[in-house]
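**Q** Pasting a predicted model and its sequence here:
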Amino acid sequence: MPVKIANFLSEYDKKKVSVDVGALYHLEKSALERYLVLSAVFSTVCANSDENIVSQTFENIVFRPGEYTKVGPDVKNAVRDFAHSLRAYTTEDASSENDLVVCESWAVIEKALRSFGRAI
């Protein structure tokens, strides 16, 4: 084997050992779960005009069975605010106010999901 290739492979092996592959998989899983949940929520918002249906569908998409019954009113309000503001942002008014409510509401929801051990 040529010396350059051997040196490259040796360097590669040293760097690979220093990387926590398990942490990378966890990070990837978190990103995928967040993407899937948000994509499903966006689809729901665009497909339904009734905010109650959007909120209920959102609850079913984001929370696993039994989780939503354990959250407090702050999370339930965040779900409603998120659904309302995302709908308004995507279909009526893409304002910075609606964007801010979406971001702040999602932070509350994501914190609740993490409290259930979700990798999101």
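**A** Great, that's in hand.

**Q** C-terminal to the helix or strand of the chain with the lowest mean pLDDT, what's the next element?
**A** None of the helices or strands of the chain scores lower by mean pLDDT, DSSP states H and E than helix 3-18, at a mean of 84. Going down the chain from helix 3-18, the next helix or strand is helix 21-47, by DSSP states H and E.

**Q** Quick one: distance of the helix or strand that comes right after that following helix to the chain centre.
**A** Proceeding N to C from helix 21-47, the next assigned helix or strand is helix 51-62, under DSSP H and E. Distance, stretch centre to chain centre, for helix 51-62: 15 Å (Cα atoms, centre = their mean, to the nearest Å).

**Q** do stretch 98-118 as well
**A** For stretch 98-118, the distance to the chain centre is 8 Å (Cα atoms, centre = their mean).

**Q** and it, average pLDDT?
**A** The average pLDDT for stretch 98-118 rounds to 92.

**Q** Using neighbour counts, pick out the buried residues of it.
**A** Buried positions in stretch 98-118, judged by neighbour count with 16 or more other Cβ atoms under 10 Å: 98, 101-102, 105-106, 108-110, 112-113, 118. Quick note: C-beta positions are derived from backbone N, CA and C, even for glycine.

**Q** tell me which residues of the least confident helix or strand of the chain are tucked away?
**A** Across helix 3-18, burial judged by 16+ other Cβ under 10 Å covers no residue at all.

**Q** returning to what we had before: got TSV for the buried residues of stretch 98-118, with secondary structure and distance to Phe42 too?
**A** Formatted as TSV, these follow (DSSP: H, G, I helix; E, B strand; the rest coil; distance: Cβ to Cβ, whole Å):
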residue	secondary structure	distance to Phe42
Asn98	helix	14
Val101	helix	15
Val102	helix	11
Ser105	helix	14
Trp106	helix	12
Val108	helix	18
Ile109	helix	14
Glu110	helix	16
Ala112	helix	20
Leu113	helix	17
Arg118	coil	19
